[in-house]
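A.B. asks: Build me a structure from this.
(4 chains)
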There are 4 protein chains.
Amino acid sequence: MARNSIGKQLVLTSFGESHGKGIGAVLDGFPARFAIDFGRVQQQLNRRRPGQSHLTTQRLESDECQFLSGIFDGQSTGAPIALLIENQDQRSRDYDALAQVYRPGHADRVYDAKYGIRDHRGGGRSSARITAAWVAAGSLAQQYLESKHIVVRAWVHQIEEQYAPEYTALPSIADIDQSAVRCPDPATAMGMQEAIERAHKAGDSVGGSIRFQIEGMQAGIGEPLFGKIQAQLAHYLLNIPATTGIEFGAGFAAARMRGSEHNDAWIHMDGQGIKAASNRAGGSLGGISTGEPLYGLLAFKPVSSIHKTQQTVSREGESVELNIEGRHDPCVLPRAVPIVEAMTALCIMDLYLENALSQS
Amino acid sequence: MARNSIGKQLVLTSFGESHGKGIGAVLDGFPARFAIDFGRVQQQLNRRRPGQSHLTTQRLESDECQFLSGIFDGQSTGAPIALLIENQDQRSRDYDALAQVYRPGHADRVYDAKYGIRDHRGGGRSSARITAAWVAAGSLAQQYLESKHIVVRAWVHQIEEQYAPEYTALPSIADIDQSAVRCPDPATAMGMQEAIERAHKAGDSVGGSIRFQIEGMQAGIGEPLFGKIQAQLAHYLLNIPATTGIEFGAGFAAARMRGSEHNDAWIHMDGQGIKAASNRAGGSLGGISTGEPLYGLLAFKPVSSIHKTQQTVSREGESVELNIEGRHDPCVLPRAVPIVEAMTALCIMDLYLENALSQS
Amino acid sequence: MARNSIGKQLVLTSFGESHGKGIGAVLDGFPARFAIDFGRVQQQLNRRRPGQSHLTTQRLESDECQFLSGIFDGQSTGAPIALLIENQDQRSRDYDALAQVYRPGHADRVYDAKYGIRDHRGGGRSSARITAAWVAAGSLAQQYLESKHIVVRAWVHQIEEQYAPEYTALPSIADIDQSAVRCPDPATAMGMQEAIERAHKAGDSVGGSIRFQIEGMQAGIGEPLFGKIQAQLAHYLLNIPATTGIEFGAGFAAARMRGSEHNDAWIHMDGQGIKAASNRAGGSLGGISTGEPLYGLLAFKPVSSIHKTQQTVSREGESVELNIEGRHDPCVLPRAVPIVEAMTALCIMDLYLENALSQS
Amino acid sequence: MARNSIGKQLVLTSFGESHGKGIGAVLDGFPARFAIDFGRVQQQLNRRRPGQSHLTTQRLESDECQFLSGIFDGQSTGAPIALLIENQDQRSRDYDALAQVYRPGHADRVYDAKYGIRDHRGGGRSSARITAAWVAAGSLAQQYLESKHIVVRAWVHQIEEQYAPEYTALPSIADIDQSAVRCPDPATAMGMQEAIERAHKAGDSVGGSIRFQIEGMQAGIGEPLFGKIQAQLAHYLLNIPATTGIEFGAGFAAARMRGSEHNDAWIHMDGQGIKAASNRAGGSLGGISTGEPLYGLLAFKPVSSIHKTQQTVSREGESVELNIEGRHDPCVLPRAVPIVEAMTALCIMDLYLENALSQS
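C.D. replies: Numbers count the residues shown, from 1 in each chain, chains lettered A, B, ... in the order given. You can find the predicted model right below:
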C-alpha cells in the first residue's frame, strides 16, 4: 500500500489523479541553500505538457507548478519541497461510459481487483498525467547534479523500425528538441514522425524506446548489494507508465557476446588517471559507477487507447464492443523524454548523496 | 552505504564475502507457523553449488546451510531467520597476484574508488558466491508461495545463438534439470552445452539470458506507484551479479508493435471469470498482476574471468598483462537459474504479503 | 535529511512552514473503500486551531482542510491522500526583528547551524503550526480505528501543581472539552485555568503533561524487536514540538517498585478469556499489546516565547536584550490534545495494519 | 513483522533467541577503513555478561563475539559487519514447566496471541540476552564516535530511593565501574547495592533508572521533523527490554516550570562561540543538537521473574500457582548500562552520518 515514495536520501512522494484537483509531489532530502531556477522547471514541464505539437494529445494544460514549501528567498531550506500542478482541462464526461468497462491494455480491471474502488476519470491514479509532478521534482535534481558537473539526458532512440545511431557523444537539448519527436538525428526523426502519423491515421498507436545517458559521474556511485546503480535506475524507470524493459550498456546484446569481446580493458590516460578503453559495460561494474558515461535503453509499449473498435468486457463480465473517445497521444515517446530524465536524475542524485557516506 | 537489505514486508539482509568465514542472510518478516522443508532448501543450494557438472567451476563447497534463529520445532516463529553457509574451499593464495591489479569486467577498481579498501580474495563482497545465501532464503519464499498455489520457475532461454522456444506452459524442475545447462528443450540444451564447451576450450566465456515465469498469482499484486510489480522484480533481479537487462511480456518487441497488435483483449471465461485472451502484457498492467502468468527475460553478460591474456592496469595505473588463474565458470547461466528463482520468489512474496493490506 | 515521513504501513509525509503558502501532508497506505467523515476532520482541527479560547494565541486561522487526492465519491481509493491547509493570518512583519536574533528555547540557532539558512517567519518549519496537517491526517486514522472498535483519546493531566485523578475509565470528548483547558475533571480544570491565567498575566508561560489512552485494542499489536509499541509511540509523540519526556503504565514510578508490587497477575474471566488483574504494565508486554488499555503520559516544557525581557545573542554573537512581540499561547496543552490523539492514532493504525501480517 | 532492523544510515539487524544456536546482528552502513579495537568490543560485552558479580544471574556465558564479515585486515571494508555470539550455558530444561504457563510481567502470553507459536526456552526471542549482539555492534559505534570526539556514557542513577547526584560532568568508565552496581557516586552505590541485596533475600526484584549522557556533539545533529534527536533516542532506548519511560533534559520537571525558569539563555563565550548559559533543554532544541551535552533518564521496571509464589493462568486459562526456578537477576540495571550505551551510540552515529548530507 504505502509505496508512493521513492528514494532513500532524496525521497519523492507522489500524489494526485488525472481528473482530481491536481497532481503533486513532496521532495524530501534536498540539500539546503541551493538556488532554484524556476524557469528551467517550467521548461521541462513544457516538454512533457500535452498539446505541445500535432503529435500529442490536445488536452490543454498549462501545467504551471506551484511550490508550496521548502523554499525561502529562492533557495532550498532543507525542509521538504511540496509542489502542486492543478488540473484544468479535464473532461470527465468523456469517461462516463468507461466507468463500467475494462479497457484493454489499461489498469482498469486490476485496480478494481486490488482496491474494489476506482477513480475511472481519465485513468485516475494510473494516468501518466501524474508524472508531471515527477518532472518538476526531477528538474530540481537535474539542476543539483549539474552543479556537480553531472548531466542527465534522454532522447527517442527507436520508433517502429526507425533507429537512431548507437551510443555516441551526448546530444544537446537543442539537438534533441529540434524535432517534435525528440530524436537528435534529423533523418531518423523524420522517419519516426512519419511512422507516428501513419499509425495515427490508421486509428492506431506506436511504442518505441528511449535512450538515457549520464555523463560526468565520478567512479564510486551506487551501493552494492541492493542499491546497485542499474538496479536502482531500473526501479525508478520501470515505474514510468507503459515501460516494458530496460537494458544497460551492451544490454541484451551482451548476452550473445563472449567475455573476450565484452570486457573493457583498463588503461591509464595522462591527466585522467585510470579509464576504460571501451564502454560496453555502460558505465558501471558491480553496481558502482566506473567514471565512464552510463547509458541504457528503456522500452515502451504502444499507447493502449486506440481509435479502433476493440472487444472487451464490462465489470460484470459481459462482452462489450469498445470505441474509445477522447484525446489521446498516438505515441508517448516525445513527451516521455523529460519523464525519463526526471526519474534518472532523482535516482542518480539519491545515490550521489549517499556515496558521500562511504568514507565518512 | 546501508543498502544490504531488500524488501519491505519480507526483508532479506545479506552479508559475507567469498573468502571470509562464510556468507549468510537474515530473513525478517516471514510469517509464523510455517513448516519448513529443509531438504528443499538444500536442493536449491545444490543447483547453485560450484562443481555440480563439468560446465561449472571446480571449487568444492558443500554449501551446507545452518539456520541460526527464527525456527522452533521445524516451524517459523515470526522471529528473524538467520542462516549461515561457511566457506570451505577458498584458495586465497590464487588471488594474491590480483591484490594490486584491476581485472577487466570486475568490480576491483570501483570498490577501491568507493571504499579505499578492498577484500580482493575471490572478489570479496562482489563475488557471486554471496548469492548462495539468497538462494537459501529464496527457497523459503518459494515454499511459502507454493502453499498459496503460486509457482516461481526459471530456466536458461538463450546462450550465444541457441534460443529456447518462446513463452509456453511452465516446465517442471525435472524438465529443466534434465540437462546440465538447465534449458528444458533438449535440442536447444544440446546446442547450448556445445557453445559453452567451445568457448571454454578457447579460454573464453559466454553470457546468455534466463526466462522467469510465475504462475498462480491472483489479480491485484503489486503496489503502484513506486512498487509496480515489474519495477520491483527488476530491482531484485538486476542486483544479481552480471545482469545487464530485463524485459517483461513482449518487452523490447512491444516497442516495435502497434497498440492494436499489443493490446490483450479481456474476455469472460466460464468458471474462470474475466481473463486476458492473450498475454503480451506479461501478467501485469499498471504495475499490478492481472492473474495471467507473469514472465520476462533477464540478460547476463559473459563471465569476466577468462583464460586469455588481457591488457589492464595496476592500482598505481601501470600497464599490466593479465593472466587469470584459478577456477572459473565459462558460463554462469546454469548456476544462475536458482538465484533468479530465489530473487523472484522473495520479491513476489514481499508484494503478496503487502497486498493483504489493500482492503484491510 | 529525508525524514519528513513517519510510519511503515501508513506513511505520513509532512510539509509546510508557518508563514509559507500553507501546511500539508500526504497520507499513504490508507486502505481503500473507507467512507470519510469530513466533519470530524474539521472538528479535530478546530480543537487545535488558534483563537479558540482566551487561553490561546489570537492568530486567526480557519484551518480549513482541502483534500487534494486519494478520495473518490467520499471514499478512500487506496491512492495517497494529500491535504493542504492554507495559511491566512500570518503577520510576517512581527518577525522581522527576529531574523538576526536567536530566541532562547527556540530552534533558531540550531537551524542556522544545521542548514545555514532559515525561514525565520513565525518559526518557519519548526513552528507547531505544521501539526495542523498531522491532526487532519490523524483524524482519518482515528475514524479507521473506531471502525475496528479502537478508541484513542488524550486530555490534559497536569499543569503546574494541578493534577487530574490517575488512570481511570476513558472520559468522553464532551467530558474533556467541557473546559477550555481540556481536563475532564472539573475541579482540576478550574485550577489549571487559573494557573495559566496567572502565568499569562505575569508575561510568562507554563508547561504540563497530557495523558493518552487507547482502548479496544486486541492482544498482539506491536512488532518486536524494533517496533515495540511503546517505542513506536514514543517516536511519534516526541516529534511533537515542546515534548520532553514520556512514560507508559506505571512509568517512572515502576522504577521504584519491586517485582512483586509491579507484576500484573493473569487471571481467567468468564466470557473474556485471559485478562490482567491489574494494569501497571500499561497495556503492553515485550512491546506487544496485552488487550488491556494502553496508557501513558507525555511531558511538555513551558512555551518558549514569553513576554518578559530575555538576554540572548544575535547571529553574529552580540549580546541582545530580547522582547518578543506577537501572539503566543501562554500554554500549549489545551491545543496539543488533538495533536497527541492524532499522532497516537497514526502510530496505532500503522501497527494495527502490520499485525495482520503476523500469521498470513 | 519485518522490524528487526533499526537505523537509516547505520542499520542494525538483530537475530537470535536465548536458547537457540546463538544471538547475532548485522551492522550495515559502517564507513570503510575504520580500524576496529576488538578488545574494547569484548570489554563492553563483559560489562553486560551474566555472572559478572554476585548481583547478577549466574548463567555462565563467555559471550565471545565472532565477526563473520565486513572486516579485512582489522579494518571495516564498507560491507555489512555480521557478528555472532554462540549460546553455551542454556538450561532449557528449567523452562519445560513454563511452556504451558503465562508468567506475570513476561511476554509469554502476547507472543502466543500474536504468533500462535512461541519458543518458550529462556524467553526465546523476548529474552534480554539478545541485547548482547547490540552491545557488540554498539561498541563499534562508540569507537567511531570517539574518533569524532563524541563520547557516549551511561550509569545507574536510581534504585529504590537511592539517587545519584543530578547532572554533572561526565564520569569516567573507571568511576562508573568502581562499584558492581555501576553508579559513579560511592555512597549512593553502596545504598543501591544494599537495596538489591535486600530485595534478593526477600525473593523479590527491583527496578531503577539509568542516566545517559553524550558529550562532544556539535550543533546540528538530528533530523526534523520525524528524526528529532530525542524521538530517535527514545525509539532506540525504549526497545530495550523492561524500559517504561524516558525523559530528556529537565524532562518531567520541565512540565512544572514556567518559561522564564526553563529557557536557557544564549551567550557568547570567547573562543567557543555561541553557547547556552544553562542546559535545561538537555542538549537539543527543535530536535537538533545544540552543542551542549545531551542527557536524559531511562526508567526500568523491576525484573518480572521473582522467587515468590505468584498467581497466574495456563495457556488454557486454568488458574496456576507459579514458582519460578532458574537463575535470574534481582536487578538488571548494572548489566543494562552497556546496553544503554550501545543503543545510544548506534542512534547518535546514525544521525551523525546523516547530518553530513544537510549541506551537501
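A.B. asks: Tell me which other helices or strands the strand or helix carrying A:Ala189 touches.
C.D. replies: Taking DSSP states H and E as the criterion, A:Ala189 maps to helix A:186-201. Contacts defined by 3 or more CB pairs under 8 Å, 6 or more residues apart in numbering or on different chains; DSSP states H and E place helix A:186-201 against strand A:151-159, strand A:162-163. (Glycine included, C-beta is placed from N, CA and C.)
A.B. asks: As JSON lines, these with mean pLDDT and mean neighbour count would be great.
C.D. replies: Shown next, in JSON lines, are the helices and strands packed on helix A:186-201 (pLDDT from 0 to 100; neighbours: other CB atoms under 10 Å in any protein chain shown):
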{"stretch": "strand A:151-159", "mean pLDDT": "98", "mean neighbour count": "25"}
{"stretch": "strand A:162-163", "mean pLDDT": "97", "mean neighbour count": "20"}
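A.B. asks: Determine which of these approaches D:Lys148 most closely.
C.D. replies: Nearest of the helices and strands packed on helix A:186-201 to D:Lys148, taken as CB to CB: strand A:151-159 at 34.2 Å.
A.B. asks: where along chain A do the helices fall?
C.D. replies: For chain A, applying DSSP state H gives helices covering A:38-48, A:108-115, A:131-147, A:173-177, A:186-201, A:229-237, A:251-254, A:259-262, A:333-355.
A.B. asks: For C:Arg256, find the nearest of the helices and strands packed on helix A:186-201.
C.D. replies: strand A:151-159 (60.7 Å).
A.B. asks: does that closest one come close to chain B?
C.D. replies: Yes. Applying CB under 8 Å from any CB of the partner chain, one finds strand A:151-159 in contact with chain B at A:Gln158.
A.B. asks: Okay, angle between that strand and helix A:186-201 too, please.
C.D. replies: Counting by axes from the mean of the first three to the mean of the last three CA atoms, to 10 degrees, strand A:151-159 lies at 60 degrees to helix A:186-201.
A.B. asks: Okay, angle between strand A:151-159 and helix A:131-147 too, please.
C.D. replies: 130 degrees.
A.B. asks: Sheet-wise, list the partners of strand A:151-159 with their directions.
C.D. replies: Strand A:151-159 has these partner strands in its sheet, going by DSSP bridges: strand A:162-163 (antiparallel), strand A:208-215 (antiparallel).
A.B. asks: I'd like the helices of chain A laid out as TSV, including mean pLDDT and mean neighbour count.
C.D. replies: Putting those into TSV (pLDDT from 0 to 100; neighbours: other CB under 10 Å) gives the following:
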stretch	mean pLDDT	mean neighbour count
helix A:38-48	96	18
helix A:108-115	93	24
helix A:131-147	98	25
helix A:173-177	96	16
helix A:186-201	96	18
helix A:229-237	98	27
helix A:251-254	97	22
helix A:259-262	96	22
helix A:333-355	97	26
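A.B. asks: and A:Leu68, how many residues sit next to it?
C.D. replies: Counted with other CB atoms under 10 Å in any protein chain shown, the neighbours of A:Leu68 add up to 22.
A.B. asks: Give me the distance between the residue nearest to it when sequence neighbours are not counted and A:Ser278.
C.D. replies: Spatially, and ignoring its direct neighbours in sequence, A:Leu68 is nearest to A:Ala82 (4.1 Å; CB to CB, 6 or more residues apart in numbering or on different chains). Distance of A:Ala82 to A:Ser278, given as CB to CB, to the nearest Å: 44 Å.
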